[in-house]
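*Asks:* Structure, please.
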Amino acid sequence: MSDLSDQPWYAEFFGEDYLRLYHPYLTPQRTEAEVIGLIRRLALPAGSRILDLCCGQGRHSIPLSVLGYRVTGLDLNPVLLAHARSLDRDVEAGVRWVQGDMRHLPFESEFDAIINVFTAFGYLESEAEDRQVLREVSRTLVPGGAFLLDVVNREALVRHFLPAEVERHEHGLLVLQEQELDLRTSRLGVRITMIEPDGRRKEYRQSIRVYTLTELAEMLAAAGLRLDQYYGDLEGSPLNLNSRRLVLLARKAYA
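*Replies:* Okay, the predicted model is just below:
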């Protein structure tokens, strides 16, 4: 993967190779547990309108729809959306799929809840753009609507930081992941090298802004979203320094 590409990393990374890389971790059991956690945290009745922001391949959108919620899945990536639509047809979930940019949502005061899970926040090039996303979330929620954000917990990332690791995946694929955390900018840079059994290599890069709970609480408030709860995972465990995840539940203020 060339460093000279004009495309941002997130426009190139989320394709067939992304699905291969994460397939061993995104098991049906994990997805089921996450969906149960989402439902419990949101506490919304069936029929509620939910936007899955950065829905990817529909891992959460489809089961939520099957369970009776009116779900819209939005993602920038056409490859992942094609997978989502294919899976939707298989189970007749009826999700509304939209290709779009989370900085400019094509909705207005429409959703009872918006979810953004599996560290799909912080990808953009600046904090100003991340703040723009939160303003869009607030604008597209109904008054009193909920926003659930699930990201990596910066404190645990620092405590258990691994500069490099190698894993063997199915069919002989080797994956080398190297990462650096810029402590001044709180930006996590990741280089992923995929090495096939025949020696062919592909390289991808990521750059993610990792926020603290304090920073996110301020950003949510500035966007008109009141932080109600925070957890160490979608199951609702208390947040601590070793929690791998940071889950926040915020609500849009009533007019």
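*Asks:* Am I right that Ala46 is in a strand?
*Replies:* No. Counting by DSSP: H, G, I helix; E, B strand; the rest coil, Ala46 is not part of a strand but coil.
*Asks:* what's the closest non-adjacent residue to it?
*Replies:* Once its chain neighbours are removed from consideration, Ala46 has its nearest residue in Gly68; the separation is 3.4 Å (CB to CB, 6 or more residues apart in numbering). C-beta: built from backbone N, CA, C; applies to glycine.
*Asks:* Surely that neighbour is within a helix?
*Replies:* No. The assignment for Gly68 (three-state DSSP) gives coil, which keeps it out of a helix.
*Asks:* That one: neighbour count?
*Replies:* 11 (other CB atoms under 10 Å).
*Asks:* just checking, it touches Arg49?
*Replies:* No. If you go by CB atoms under 8 Å, Gly68 and Arg49 don't touch, sitting 11.7 Å apart.
*Asks:* residues in contact with Arg131?
*Replies:* Neighbour list for Arg131: 219, 222-223 [criterion: CB atoms under 8 Å, 6 or more residues apart in numbering].
*Asks:* how about those in TSV, adding neighbour count and distance to Leu149?
*Replies:* Written out in TSV, the entries for the contacts of Arg131 read as follows (neighbours: other CB atoms under 10 Å; distance: CB to CB, whole Å):
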residue	neighbour count	distance to Leu149
Met219	20	10
Ala222	12	14
Ala223	19	11
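*Asks:* Among the residues you listed, which one lies nearest to Arg159?
*Replies:* Met219 (23.0 Å; CB to CB).
*Asks:* All the strands of the stretch 51-200 of the chain, in order from the start?
*Replies:* Ranges of strands within the stretch 51-200 of the chain are 70-75, 96-99, 111-116, 141-152, 164-168, 174-182, 187-195, based on DSSP state E, counting those that start in this stretch.
*Asks:* any idea of the angle the last one forms with strand 164-168?
*Replies:* Per axes from the mean of the first three to the mean of the last three CA atoms, to 10 degrees, the angle that strand 187-195 makes with strand 164-168 is 30 degrees.
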